[in-house]
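next comes the sequence, and after it the predicted model I'd like to discuss.
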Amino acid sequence: MTSRPEWTEHVLVRDGVRLSCRDWGGGRGAPGGSGQSLLLLHGLAGQSGEWDALARLLRADGHRVVALDQRGHGASERRPADTSRAAYVADLIAVLDDPGLGLGDAPVLVGQSYGGHAALLAAAAHSPRLAGAVLVEAGPGGAEAGILDDIGGWLRAWPVPFPSREAAAAYFGGGPVGDGWAGGLEQRDGGWWPRFDPDVMVASLAENVGRDWWEEWGAIGVPLLSVVGEKGIIERAEYDGMARLQPALRGACVPGTGHDLHLERPEALHDLVARFLAGLRPGTAP
């Protein structure tokens, strides 16, 4: 017996760029659905499937959940001409506006790493459109010099094609993180290949080098949750600066996790996001 897919693909086109979403359904109109609409945004070189575990839990809570393959990633446009931060933000606004998805008024953005940065910039520019934002291992600090060479070198060093998905998962360290990264590969031409081009990833990150985004962070006018890994990339000094500029910021550290905490401990992230969403509802204690 073939199992029924848990999600459906929804495709939209903005300025000639194909954008693919995993539509998990839920929310108003679904059985037991009366919750919040959420748009989930993966990190650099990632894909929407990284959110499957969290999306499944949030939908079970009655929320409306959509996960986007950002431009240059996954099933979306592989080689977009525009890799600016503004283009990434405009894409997610187009997803929120798409009548075929029906995310409605005041959704919440949830983004990890580079996707969290997109959520940050969208919240700064479009606060009246949103109910809140969750940043997972993301902040307004700029990228360090040399990061483009480091990331480009790492991505180009992948021994592709991998002979199997299992071999890829082992290469990426095994466990849930290895499985998560391997889940972003596609099978073709006798092996398993990434669904992105390294040069596009490097170009997408270039704007983050040599500048920071503290002004944008301070301009956000919606409730915010910052979730970091105990062994992640957000240092205490950056988080303290975030809290100074946004005194109502809610923050949490997930013990024992790193940058990919959404893969390592999706149930822990779900608990934090669920409490944050509960606090957005009038008369409900966070």
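Received the coordinates, thanks. Numbers count the residues shown, from 1 in each chain.

doesn't residue 207 lie inside a helix?
Yes. Assigned with DSSP: H, G, I helix; E, B strand; the rest coil, residue 207 falls within a helix.

my read: it touches residue 82, true?
No. When contacts are counted by CB atoms under 8 Å, residue 207 is not listed as touching residue 82 (11.2 Å). (Glycine included, C-beta is placed from N, CA and C.)

quick one: residues in contact with stretch 189-198.
Identification of contacts with stretch 189-198 by CB atoms under 8 Å, 6 or more residues apart in numbering yields 45, 47, 72-75, 78-79, 152, 155-156, 158, 160-165, 167-168, 182, 184-187.

now do stretch 152-169
Stretch 152-169 is contacted by residues 45, 171, 178-179, 181-183, 185, 187, 189-194, 198-199, 201-202 when judged by CB under 8 Å, 6+ apart.

just the buried ones from those residues?
45, 178-179, 181-183, 185, 191-194, 198, 201-202 (16 or more other CB atoms under 10 Å).

just the ones of these in strands?
Among the buried ones among the contacts of stretch 152-169, the ones falling in strands (DSSP state E) are 185, 191, 192, 193, 194.

where do the strands sit along this structure?
8-14, 17-25, 37-41, 64-69, 108-112, 132-136, 185-188, 191-194, 224-229, 250-254.

which residue, other than its chain neighbours, is closest to residue 98?
residue 12 (5.1 Å; CB to CB, 6 or more residues apart in numbering).

confirm for me that that neighbour is in contact with residue 100.
Yes. Using CB under 8 Å, residue 12 makes contact with residue 100 at a distance of 7.1 Å.

who has more neighbours, the two?
Counted by other CB atoms under 10 Å, residue 12 and residue 100 do not tie: residue 12 has more neighbours, with 19 against 10.

can you give me the pLDDT of the more buried one?
pLDDT, residue 12: 98.
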